[in-house]
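Undergrad: Model the following, please.
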Amino acid sequence: MCIGSVIAGVVLSVLGLGWYKEIIGDKIIINDFNSLTPQEYSIQDITSITHYTHKLNSKGEVEAEPHYKISFSDGRVWDTSDNFHEASQEKYTAVVQHFTSKSNLKVRYQDVDTAN
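TA: Next comes the predicted model:
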């Protein structure tokens with residue numbers, strides 16, 4: 001049982017090493033747990049950006065957790081609160097400012113993200 005947990009942890013760690021979001025100029029490259037290969041988007045592929053100040057936790061309680069949800073034309077949503085090992089809120093804000101400066105997108109502001 002203990003050996004199985006260690007092996008599972010190592011496999012998840014190795015898989016996790018390949019997860020990333022990268023912005024190069026006007027390109028956004030996303031490679032996450034659900035992707036077999038990296039997916040490339042342009043800023044024009046973004047359909048909406050929403051900033052939330054709070055999120056519902058697993059108990060259904062509202063807790064402060066500022067984050068963005070960036071939606072793409074193919075239905076993918078980049079939820080910055082799901083990225084446990086990635087950038088700070090300040091860096092995400094700078095990324096969003098880059099996206100809005102290169103497009104006609106406006107950030108929508110909502111209080112609570114009710115999606116789990």
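Undergrad: Would you state the strands of this structure in chain order?
TA: Along the chain, the segments classed as strands by DSSP state E run 20-24, 27-31, 39-42, 46-56, 62-72, 77-79, 107-113.
Undergrad: could I get those strands as JSON lines with mean pLDDT?
TA: Output for the strands of the chain, formatted as JSON lines (pLDDT from 0 to 100):
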{"stretch": "strand 20-24", "mean pLDDT": "85"}
{"stretch": "strand 27-31", "mean pLDDT": "89"}
{"stretch": "strand 39-42", "mean pLDDT": "95"}
{"stretch": "strand 46-56", "mean pLDDT": "96"}
{"stretch": "strand 62-72", "mean pLDDT": "94"}
{"stretch": "strand 77-79", "mean pLDDT": "91"}
{"stretch": "strand 107-113", "mean pLDDT": "96"}
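Undergrad: Ala94: which of these is closest?
TA: Taking Cβ to Cβ, strand 20-24 is the member of the strands of the chain nearest to Ala94, at 9.8 Å. For the C-beta atoms, the positions are set from N, CA and C on the backbone; glycine is no exception.
Undergrad: Export the strands of the chain as a markdown table, with columns for mean neighbour count and distance to Thr100.
TA: Below are those laid out as a markdown table (neighbours: other Cβ atoms under 10 Å; distance: least, Cβ to Cβ, whole Å):
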| stretch | mean neighbour count | distance to Thr100 |
| --- | --- | --- |
| strand 20-24 | 13 | 13 |
| strand 27-31 | 16 | 14 |
| strand 39-42 | 16 | 14 |
| strand 46-56 | 17 | 7 |
| strand 62-72 | 16 | 11 |
| strand 77-79 | 16 | 15 |
| strand 107-113 | 13 | 6 |
